[in-house]
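Novice: Let's see this in three dimensions:
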Amino acid sequence: MKAKPVSASRVTLSQLMQPQQANSAGTVHGGWIMKLVDEAGALACMRFANKRVVTVAVDQMMFRRPIYVGNLVTLTAEVSYVGRTSMEAEVQVVAENPITGEQTHTNTAYLVYVALDEDGRPAEVPRLIPETEAHRRRMEQAKARQAFRLQQRDREAAASAYE
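Specialist: Below is the predicted model of the structure:
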């Protein structure tokens, strides 16, 4: 299978936040942002693998700053690591006041997806080619995150075997 560069996965989504997306505190509901993050990550992985994908893991998602109704939210996603059938996507979220132009980085999330073949089974994905030193560092960090996820999965499986 042919390798692809990180840039082959890059996706940018922008959406104006509306009142129906607000929570009881008057800011945009975190669940709405999580949905957009998942969509952006999935699209980056689909673009990279040229296959359907399913979400298998979402790492911790912390919101540094609130997002307000009327903000333009821009999500930038790209594949940061690949395994045999899985891919990690990094999604950056920025809120912008479209009147002042002030931009605020609100959060970064890492999600893992598995590519699927036409029968819904895991399918191999291309190798990832880092294009910059930052991409190489991010791939190394992603490799460590994936090792941690697999270790957690194994611990949970072992614990449930004793229940």
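
Novice: Can you find the helix or strand in this protein with the smallest mean pLDDT?
Specialist: Averaged element by element with mean pLDDT, DSSP states H and E, the chain has its least confident helix or strand at helix 133-161 (a mean of 86).

Novice: buried set for the single longest strand found in the chain?
Specialist: Ranked by residue count and defined by DSSP state E, the top strand of the chain is strand 103-116. Buried positions in strand 103-116, judged by neighbour count with 16 or more other Cβ atoms under 10 Å: Thr106, Asn107, Ala109, Tyr110, Leu111, Val112, Tyr113, Val114, Ala115, Leu116. For every residue, glycine as well, the C-beta is placed using N, CA and C.

Novice: packing partners for it?
Specialist: In terms of contacts (3 or more Cβ pairs under 8 Å, 6 or more residues apart in numbering; DSSP states H and E), strand 103-116 is packed against helix 30-49, strand 52-58, strand 86-96, helix 133-161.

Novice: from the chain's centre, how far out does that strand sit?
Specialist: 2 Å (Cα atoms, centre = their mean, to the nearest Å).

Novice: After that strand, which helix or strand is next?
Specialist: strand 128-129 (DSSP states H and E).
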